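# only geometry, no sequence info:
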C-alpha cells in the first residue's frame, strides 16, 4: 500500500532538508513558525515514519537527543564535543562492505555507523 503524501508530511520534510541534522524539536520549531496547527506529536511521528521507510536517517549518540538526516546515502558524521553539532564526513578509501564481511563470525552484520568527534570550527573560536 502506498503511503499518502500529505501537506503536513511535505512541510516537515522540507524543514528537515533545510536544517543541519536537526532534532525533532528543532524541526517542530521550524514547522510551527509557518504552520502553527501542526502538532509536536505529528512532527515526531512523521520523522519516525520517514526513518522507518528509508526517507531519513535517525542519528543516535549516547547522551544526546536523536537527530535526523535527509541524506540517506552511505556517509559518516563528525560530532562537536562542545555543542553537539553534526557535520557530514566523506571517508575516502573506506570500504564498508569489506569491513562488514570480515568483522565478526558470530553475527550477520547489517551495517556500520562511524562517527568522528572533536571541536567544530564555531566552538574553536569561542573564548571561555
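Arrived safely. Just so we're clear, the structure is a prediction, and the values are computed from it rather than from any experiment.
# for the protein, what spans make up the strands?
57-59, 67-69, 76-80, 86-89, 115-118 (DSSP state E).
# Minimum distance to residue 25: which of those has it?
Across the strands of the chain, residue 25 has its closest neighbour in strand 67-69 (10.3 Å, Cβ to Cβ). Glycine gets a C-beta too; all of them are placed from N, C-alpha and C.
# picking up where we left off before, go through the strands of the chain and pick out the most buried.
Mean neighbours per residue, mean count of other Cβ atoms under 10 Å, is largest over the strands of the chain for strand 67-69, with a mean of 22.
# Summarise which helices and strands that one is packed against.
The contact analysis (3 or more Cβ pairs under 8 Å, 6 or more residues apart in numbering; DSSP states H and E) places strand 67-69 against helix 40-52, strand 57-59.
# quick one, which of the strands of the chain is nearest to residue 47?
Among those, strand 67-69 comes nearest to residue 47, with 5.5 Å by Cβ to Cβ.
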